[in-house]
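1. Quick check, what structure comes out for this input:
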Amino acid sequence: LDEAADRLARFVGCRGGDLIFVPNATQAMNIVADSTPLAPGDQVLLNDHEYGAVSRIWRRRCERTGADVIVARLPQPLDSQDAIVDAIFS
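-> Down below sits the predicted model:
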């Protein structure tokens, strides 16, 4: 695993020790959410196309910390990158 981490690190431009392998994306998102410092008044921005587990992970984290989940509604159909960016920033 160390060799694989070192090779991947060279590819993405970091150190192998800065990477961690996990069994799946849901576990990875749990690690990120649990290690992200949040406080009352902070906001976590999601969109209405999030994978269900990801939404639940961030909602749980926000409930525990007093932060707020904000959900950006993406346009349908998704016709352009600009429309997606505008929806997220609105």
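2. Contacts for the helix ranked longest in the chain, please.
-> Ranked by number of residues, the top helix in the chain under DSSP state H is helix 52-65. Contacts to helix 52-65, defined as CB atoms under 8 Å, 6 or more residues apart in numbering, come from residues 26, 29-30, 33-34, 36, 38-40, 42, 44, 46, 67-69. C-beta coordinates here come from the backbone N, C-alpha and C atoms, glycine included.
3. Now, these that are in strands?
-> 44, 46, 68-69 (DSSP state E).
4. would you put the C-alpha positions of the longest helix of the chain in PDB?
-> C-alpha atoms of helix 52-65 as PDB (Å, rounded to 0.1, in the frame of the first residue of the first chain):
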ATOM      1  CA  GLY A  52     -28.200   9.900  -0.400                       C
ATOM      2  CA  ALA A  53     -25.500   8.600   1.900                       C
ATOM      3  CA  VAL A  54     -23.500  11.900   1.400                       C
ATOM      4  CA  SER A  55     -26.500  14.000   2.300                       C
ATOM      5  CA  ARG A  56     -27.100  12.000   5.400                       C
ATOM      6  CA  ILE A  57     -23.400  12.200   6.500                       C
ATOM      7  CA  TRP A  58     -23.400  16.000   6.200                       C
ATOM      8  CA  ARG A  59     -26.800  16.400   7.800                       C
ATOM      9  CA  ARG A  60     -25.700  14.300  10.800                       C
ATOM     10  CA  ARG A  61     -22.400  16.200  11.100                       C
ATOM     11  CA  CYS A  62     -24.300  19.600  11.000                       C
ATOM     12  CA  GLU A  63     -26.800  18.500  13.600                       C
ATOM     13  CA  ARG A  64     -24.000  17.500  15.900                       C
ATOM     14  CA  THR A  65     -22.100  20.800  15.400                       C
END
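5. what about that helix, average pLDDT?
-> Helix 52-65 carries an average pLDDT of 97.
6. Just the buried ones among the ones in strands among the contacts of helix 52-65, please.
-> Taking 16 or more other CB atoms under 10 Å as the criterion, what is buried in the ones in strands among the contacts of helix 52-65 is Val44.
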